[in-house]
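1. need coordinates for the below:
(chains A, B, C and D)
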Number of protein chains: 2
Amino acid sequence: MEVTKRPGGRSARVRDAVRQATLAELAEHGFRGLTVENVAERSGVHKTTVYRRWGNVEGLIADALELAAHEPWPVPDTGTVEGDLRGVVELVRSGFEDPELGPVSSAFVAAAMQSPEAARALHAFFEARHDQSAQVVRRGVERGELPVTVDAREVVRVAVAPVYYRLFVAHEPVSREDAGRAADAALAAARAGVL
Amino acid sequence: MEVTKRPGGRSARVRDAVRQATLAELAEHGFRGLTVENVAERSGVHKTTVYRRWGNVEGLIADALELAAHEPWPVPDTGTVEGDLRGVVELVRSGFEDPELGPVSSAFVAAAMQSPEAARALHAFFEARHDQSAQVVRRGVERGELPVTVDAREVVRVAVAPVYYRLFVAHEPVSREDAGRAADAALAAARAGVL
DNA sequence: GATCTAACGCAACTGGAGTTGTCTTTGGAA
DNA sequence: TTCCAAAGACAACTCCAGTTGCGTTAGATC
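-> Prediction:
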């Protein structure tokens, strides 16, 4: 996907236009309402071009996802692991509530469940996120708040997992308190030497 | 959905045939490969009938899901909370590895992300599952292994969440050890009074 | 067991997603 | 500047998911 021998000029403009259009369509209509034709029309690029370069809806999402993966995101730094980890989880939670980001993020998760290509892209995305977020835990270890044996990335996973689980699996609402509790639980497990 | 004024006879046969066909198609081709036409052909029911009663693919899944929700599932009873909770989580994990159940279960999760109807059905399903699994925690409280203040259902959620998170969000493999660790983490948090 | 109508079967139709062949434009290297 | 091949535009086409109208079958009620 996206192996272009002409990375500049028109091809680059087309790619950008399509990516923008994909994100905009995703924000408006979600994954269900995403069609290649709509993206083509919105971007001003002909639909055959989109089909030939991206193949289908999943390809569009996978490409947009790669873009999103490279964007840095604000890792909290409150001075304590509690504060930081709670901040990370709350950032995740509130992200899905955001009327702009929420539908797009949800669409990514939905797409990855149906397309191996999108799944790979999302996997890479979370790989990066876990790495970035794990520094919150590593700082906690340096401060002596957590044992040196902790698996920082695993702590992050356990902390954020309940939020995703509620949202996308059990389909329950997720309150700010729920997010905080999830962070605390991961921390308690880490302190107990389980993670 | 499924409000029939003639619940017996032919209608009942049609419903059963379609449900069976839906599960079979799901097991074979997953959610992506599920089409109303294939289900109709496999069940021997005409496609217009399926469209009229179930509306679309999501309706078929929602119906099949209701069926699955009523099926009891084996709650472990090993004598300790550790053993039981680990058993619950491992049961979830191995369920998705099963070549028969795995695709069907995954399809349910995928469908619920795109259809409010399926989402409601899946929510009810997990409501029931949480209730059943929570008894493992309640027994632990009775034995004095956990403080009486614990939220039994929340312990279950936190225990299973990492498995789902890895499978459907981060798209990472989930080992037996991962499942065990997740159960242990939830337990440690419960013992610490966080859950 | 006669009657009524909900539910099913059937065939023809519609619309739109995705494809194909061909021509045009343009990025990039000589 | 020139040249060529990669990439895009365009139109016409295919195919199949989903719809519609109508005739047929068979539960349910009396």
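2. can we go C-alpha only for contacts and neighbour counts from here?
-> Noted.
3. and chain A, what are its domains?
-> Taking automatic domain parsing as the criterion, chain A consists of the domains A:9-68, A:71-191.
4. select from the ones you listed the stretch with the lowest mean pLDDT.
-> Per-segment mean pLDDT for the domains of chain A reaches its minimum on domain A:9-68, at a mean of 92.
5. please see if that domain touches DNA strand D.
-> Yes: counting by C-alpha under 7 Å from any atom of the strand, DNA strand D has neighbours in domain A:9-68: A:10-12, A:14-15, A:44-49, A:52-53.
6. got the end-to-end distance for that domain?
-> Distances were taken as C-alpha to C-alpha, to the nearest Å; on that basis the terminal residues of domain A:9-68 are 22 Å apart.
7. up against chain B, what does chain A have?
-> Counting by C-alpha under 8 Å from any C-alpha of the partner chain, the residues of chain A close to chain B are A:31-32, A:109-110, A:112-114, A:119-120, A:122-123, A:126-127, A:157-158, A:161-162, A:164-165, A:168-172, A:181-182, A:184-190, A:192, A:194-195.
8. mind redoing it with 7 Å?
-> Contact residues (C-alpha under 7 Å from any C-alpha of the partner chain) of chain A with chain B: A:32, A:109-110, A:113-114, A:119, A:122-123, A:126, A:157-158, A:161-162, A:164-165, A:168-171, A:181, A:184-186, A:188-189, A:192, A:194-195.
9. and the residues you listed, which of them are buried?
-> Neighbour counting by 16 or more other C-alpha atoms under 10 Å in any protein chain shown classes A:109-110, A:113-114, A:119, A:122-123, A:126, A:157-158, A:161-162, A:164-165, A:168-171, A:181, A:184-186, A:188-189, A:192, A:194-195 among these as buried.
10. tell me which entries of the residues you listed lie within helices.
-> Among these, the members found in helices (DSSP state H) are A:109-110, A:119, A:122-123, A:126, A:157-158, A:161-162, A:164, A:181, A:184-186, A:188-189.
11. apart from its chain neighbours, what residue comes closest to residue A:157?
-> The shortest distance from residue A:157 to any non-neighbouring residue, by C-alpha to C-alpha, 6 or more residues apart in numbering or on different chains, is to residue B:162 (6.8 Å).
12. shouldn't that neighbour be in contact with residue A:159?
-> No: in this structure, residue B:162 sits apart from residue A:159 without contact. The criterion is C-alpha atoms under 7 Å, and the distance is 8.8 Å.
13. spit out the residues that contact the two alike.
-> Between them, residue B:162 and residue A:159 share no neighbouring residue, with contact defined by C-alpha atoms under 7 Å, 6 or more residues apart in numbering or on different chains.
14. ok, residues contacting whichever strand or helix holds residue A:12?
-> When secondary structure is defined by DSSP states H and E, residue A:12 falls within helix A:9-29. Among residues not part of helix A:9-29, those counted as contacts by C-alpha under 7 Å, 6+ apart are A:34, A:39, A:42-43, A:45, A:60, A:64, A:100, A:103-104, A:107.
15. out of the residues of domain A:9-68 next to DNA strand D, which are buried?
-> With neighbours counted using 16+ other C-alpha under 10 Å, the residues of domain A:9-68 next to DNA strand D contain these buried positions: A:14-15, A:45.
16. which of these lies closest to DNA strand C?
-> Comparing those against DNA strand C with C-alpha to the nearest atom of the strand places residue A:14 closest, at 10.0 Å.
17. circling back: including distance to residue B:84, could the domains of chain A go into TSV?
-> Written out in TSV, the entries for those read as follows (distance: least, C-alpha to C-alpha, whole Å):
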stretch	distance to residue B:84
domain A:9-68	38
domain A:71-191	18
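18. tell me the most buried of those domains?
-> Compared across these, domain A:71-191 shows the largest average neighbour count, a mean of 20 (mean count of other C-alpha atoms under 10 Å in any protein chain shown).
19. now residue A:112: closest residue in space, sequence neighbours ignored.
-> residue A:119 (4.1 Å).
20. for the one you found, give me its contacts.
-> For residue A:119, the contacting residues are A:112-113, B:171, taking C-alpha under 7 Å, 6+ apart as the criterion.
21. kindly recompute the last result at 10 Å.
-> A:58, A:62, A:65, A:108-113, A:125, B:168-172 (C-alpha atoms under 10 Å, 6 or more residues apart in numbering or on different chains).
22. just to revisit the earlier point, can you tell if whatever helix or strand comes next after the helix holding residue A:12 touches DNA strand C?
-> Using DSSP H and E, the next helix or strand after helix A:9-29 towards the C-terminus is helix A:36-43. Yes: in this structure, helix A:36-43 sits against DNA strand C according to C-alpha under 7 Å from any atom of the strand; the contacting residues are A:36-37.
23. what's helix A:36-43 packed up against?
-> For helix A:36-43, the elements it packs on are helix A:9-29, helix A:47-54, helix A:57-70, judged by 3 or more C-alpha pairs under 10 Å, 6 or more residues apart in numbering or on different chains; DSSP states H and E.
24. what's the angle between the first one and helix A:36-43?
-> If you take axes from the mean of the first three to the mean of the last three C-alpha atoms, to 10 degrees, helix A:9-29 sits at 110 degrees to helix A:36-43.
25. check whether helix A:9-29 contacts DNA strand C.
-> Yes: among the residues of helix A:9-29, A:9-11 lie within reach of DNA strand C under C-alpha under 7 Å from any atom of the strand.
26. got the angle between that helix and helix A:47-54?
-> Put simply, helix A:9-29 runs at 100 degrees to helix A:47-54, going by the same axes, to 10 degrees.
27. which of the ones in helices among the buried ones among the residues of chain A next to chain B come close to DNA strand D?
-> Restricting these to contacts with DNA strand D (C-alpha under 7 Å from any atom of the strand) yields no residues.
28. hang on, the earlier thing: out of the residues of helix A:9-29 next to DNA strand C, who's nearest residue B:133?
-> Distances from residue B:133 to the residues of helix A:9-29 next to DNA strand C, taken as C-alpha to C-alpha, are shortest for residue A:11 (54.4 Å).
29. in three-state terms, label the most far-flung residue of chain A relative to its centre for me.
-> Relative to the centre of chain A, and counting by C-alpha atoms, centre = their mean, the farthest-placed residue is residue A:144 at 30.1 Å. Classification of residue A:144 by DSSP: H, G, I helix; E, B strand; the rest coil places it in coil.
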